[in-house]
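Got a predicted structure here, sequence first:
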Amino acid sequence: MSKHRHILLCFSADWCPPCRAMEGTLINTAFELEHKALVIKADPKVCEALAASLNVRSVPAYVAFNDGVASEPVYGIQRIDSLLDMVLV
């Protein structure tokens, strides 16, 4: 986090239909945020401690970090403009 002022963290799982539906939107979001913010995808089962520390309760979940401050998780299928608005760039 010390290298990036803005991060969008997406918790998703392969078995989750809404997560799979968000793949294209997440790719487009990463493209829109290129050189402005880092977009990271994480499996909450692999990153259990991180998901728990951010109060992530289900997938898909999105957490933005702006200048080291984490937002509240946003859940479910999101539009690209909603994801872009989470990252204050």
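Arrived safely, thanks for sending.

buried stuff in the top helix by length along the chain?
What stands out as the longest helix in the chain, according to DSSP state H, is helix 23-32. Judged by neighbour count using 16 or more other CB atoms under 10 Å, the buried positions of helix 23-32 are 25, 26, 29, 30, 32. All C-beta spots, glycine's among them, are computed from the backbone N, C-alpha and C.

so what does that helix touch, helix or strand wise?
The elements that helix 23-32 packs onto, with contact taken as 3 or more CB pairs under 8 Å, 6 or more residues apart in numbering; DSSP states H and E, are strand 38-42, helix 80-86.

If we use 10 Å, what do you get?
strand 6-11, strand 38-42, helix 80-86 (3 or more CB pairs under 10 Å, 6 or more residues apart in numbering; DSSP states H and E).

that older thread, between the buried residues of helix 23-32, which sits nearest residue 40?
Of all the buried residues of helix 23-32, the one sitting nearest residue 40 is residue 30; the distance, using CB to CB, is 9.3 Å.

what about the longest helix of the chain, distance to the chain center?
11 Å (CA atoms, centre = their mean, to the nearest Å).

Next, the angle strand 38-42 makes with it.
150 degrees (axes from the mean of the first three to the mean of the last three CA atoms, to 10 degrees).

about what we covered before: looking at the helices and strands packed on helix 23-32, which one is packed in the most?
Per-residue neighbour counts averaged over each of these give the maximum for strand 6-11, namely a mean of 22 (mean count of other CB atoms under 10 Å).

In its sheet, which strands sit next to that one, and in what direction?
Strands adjacent to strand 6-11 in the sheet, as given by DSSP bridges, are strand 38-42 (parallel), strand 61-66 (antiparallel).

which one of those strands lies closest to residue 6?
With CB to CB as the measure, strand 61-66 is the member of the strands paired with strand 6-11 nearest residue 6 (5.6 Å).
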